[in-house]
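1. heads up, no residue letters with this:
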């Protein structure tokens with residue numbers, strides 16, 4: 001691949017034998033540090049590993065790894081401590097890890113009754129809250145300093161695949177579910193704030209635009225991405241097609257208001273603004289996509 005400047009783009013690979021990646025997140029503090037949640041046997045059976053990777057002038061290496069007795073499906077970095085991460089796993093638990101310590105986890109929270117498939121640290125200042133989503137059809141609110149959940153959110157009628165905080169509105173998060181709905185919640189109120197019948201298929205991912213507090217995107221088993229404006233949810237503001245299998249993860253760019261990327265079980269990563277761009281370079285099921293918040297790509 002040759003970027004516009006003519007210099008060769010070089011991808012770097014670090015293999016974790018016997019592990020399949022489920023989620024990857026760049027550190028919000030250190031530009032070259034990445035956390036990856038992995039599982040054995042595609043998360044169907046076996047254990048999981050949290051791998052913390054570091055990139056420097058000589059390449060990419062394994063900084064720290066932590067094993068867990070079940071598959072790890074998602075990971076999120078703390079927004080107030082550069083060493084702390086939270087993972088979610090197939091046994092329904094959340095784990096808190098500290099990269100400055102060789103063993104762990106520091107704490108384990110076990111309240112979900114089925115797989116904890118999603119976890120996300122709040123993105124607005126003044127909050128240190130975590131939200132998790134589970135196959136038990138609930139989302140839970142956590143304060144990492146408290147040993148139990150603060151609140152449980154019920155309403156979905158299917159598996160919750162994705163939970164993500166608004167980067168703009170304190171105490172507000174969205175969830176995507178197998179019940180074909182996108183829902184928006186306010187932690188100050190017990191009920192759901194907005195219910196959007198977004199697709200006629202299971203919704204596997206959602207994300208919030210970093211430049212518009214009213215704009216979200218969903219990706220679903222129907223191979224499509226749809227944009228939603230919370231001020232009028234009767235119809236999507238955009239529809240994007242092109243994937244030939246389910247859309248596993250979708251992310252808005254942190255640097256461009258109209259750019260987003262998606263990855264799919266069709267082995268492709270696609271980015272879209274006005275002209276779609278296809279990166280067909282993967283040889284396994286794609287389960288994650290992440291954008292560095294520290295440095296834009298040329």
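-> Everything's here; your move. As the structure is a prediction and not an experimental result, all values here were calculated from the model.
2. Where does the prediction get shaky in the chain?
-> Confidence mapping of the chain against pLDDT under 70 gives the ranges 1-11, 274-298.
3. Domain-wise, how is it divided?
-> 16-154, 172-177+197-293 (the TED database).
4. and those as a markdown table, adding distance to residue 162?
-> In this view, the C-beta of every residue, glycine as well, is placed from N, C-alpha and C. Output for these, formatted as a markdown table (distance: least, Cβ to Cβ, whole Å):
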| stretch | distance to residue 162 |
| --- | --- |
| domain 16-154 | 5 |
| domain 172-177+197-293 | 4 |
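5. Could you dump these into JSON lines with mean neighbour count added?
-> Output for the domains of the chain, formatted as JSON lines (neighbours: other Cβ atoms under 10 Å):
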{"stretch": "domain 16-154", "mean neighbour count": "19"}
{"stretch": "domain 172-177+197-293", "mean neighbour count": "18"}
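6. Give me the phi and psi for the closest residue to residue 129 other than its chain neighbours.
-> The shortest distance from residue 129 to any non-neighbouring residue, by Cβ to Cβ, 6 or more residues apart in numbering, is to residue 122 (4.4 Å). Backbone torsions for residue 122, taken as degrees, to the nearest 10, come to phi -60, psi 140.
7. what do you get for residue 43?
-> phi 80, psi 0.
8. Just list the residues touching it, thanks.
-> Contact analysis of residue 43 by Cβ atoms under 8 Å, 6 or more residues apart in numbering lists 20, 22, 71, 73, 90.
9. Please report how far residue 270 lies from residue 250.
-> Going from residue 270 to residue 250 by Cβ to Cβ, to the nearest Å gives 10 Å.
10. Residue 195 and residue 181 touch, don't they?
-> Yes - Residue 195 is in contact with residue 181 according to Cβ atoms under 8 Å; the separation is 5.6 Å.
11. Give me the helices and strands touching the host helix or strand of residue 163, please.
-> If you go by DSSP states H and E, residue 163 is part of strand 160-165. When contacts are defined as 3 or more Cβ pairs under 8 Å, 6 or more residues apart in numbering; DSSP states H and E, strand 160-165 packs onto strand 116-121, strand 130-134, strand 138-142, strand 172-177, strand 203-208.
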